[in-house]
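> Okay, here's the prediction I keep looking at, along with the sequence it came from:
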Amino acid sequence: MAKKKTKRKPQTKAKKEEFYVGVSNANSVHLSLLESKKEILQSMKIFQEMKQIRQQKIEEKQMLRKNVRLIQVQLGKIKRAMPHINLPAEEEKPAPAPIQQPVEQKKEEPKPAPPPAHPKTELDRIESQLQEIESKLSGLQ
């Protein structure tokens, strides 16, 4: 096989001559360029840090979603394992009236608390037992 010969273009006189432009205060220009490079590098560093933080945030969100799903599954299993009990609806209790003290305070003997007007519900009975137990525990401590 024969090699092809490439033709060289003759170089003009203008291309052979190199021109230099004189820069006044070359040191100040060089210094300003270096400062610009420094600022650019700092900006790039901050950008990379932000990019890393975003990636961590995405990973944390994915982990949180995974944990929430696991919790929901476990909660569903617990609900299925627990027996279903129909509780009676709670009775609404009227709000206690604010106690007003007379302007002149007279010394009176304390009156015993009257029993509640409405019959105790199961919840009230359990709460009273709980208060009794708590008072006994505080007495023991």
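Structure received.

> Name all residues that make contact with Arg54.
With Cβ atoms under 8 Å, 6 or more residues apart in numbering as the criterion, no residue contacts Arg54. Bear in mind the C-beta positions are built from the backbone N, C-alpha and C, glycine included.

> where does it land in three-state SS?
helix (DSSP: H, G, I helix; E, B strand; the rest coil).

> Tell me how far it lies from Asn67.
Computed with Cβ to Cβ, to the nearest Å, the distance linking Arg54 and Asn67 is 20 Å.

> cool, Lys79 as well?
Note on Lys79: its distance to Asn67, by Cβ to Cβ, is 19 Å.

> again with Glu35
Taken as Cβ to Cβ, the span from Glu35 to Asn67 is 48 Å.

> how about stretch 75-90 as CSV, C-alpha atoms only?
C-alpha atoms of stretch 75-90 as CSV (Å, rounded to 0.1, in the frame of the first residue of the first chain):
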residue,chain,number,x,y,z
LEU,A,75,-48.8,-2.1,64.8
GLY,A,76,-51.1,-4.0,62.4
LYS,A,77,-49.9,-7.3,63.8
ILE,A,78,-50.5,-6.1,67.3
LYS,A,79,-54.0,-5.0,66.5
ARG,A,80,-54.8,-8.3,64.9
ALA,A,81,-53.4,-10.2,68.0
MET,A,82,-55.4,-8.1,70.5
PRO,A,83,-59.0,-9.1,71.2
HIS,A,84,-61.7,-6.7,70.1
ILE,A,85,-63.6,-5.3,73.1
ASN,A,86,-66.6,-3.0,72.8
LEU,A,87,-66.3,-0.4,75.6
PRO,A,88,-69.4,1.6,76.6
ALA,A,89,-69.3,5.2,75.5
GLU,A,90,-68.0,7.7,78.2
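
> Toward the C-terminus, what is the element adjacent to the helix or strand harbouring Glu59?
Using DSSP states H and E, Glu59 maps to helix 26-81. Following the chain from helix 26-81 toward its C-terminal end, the next helix or strand by DSSP H and E is helix 122-140.

> same question for that next one, mean pLDDT?
The pLDDT scores in helix 122-140 average 71.
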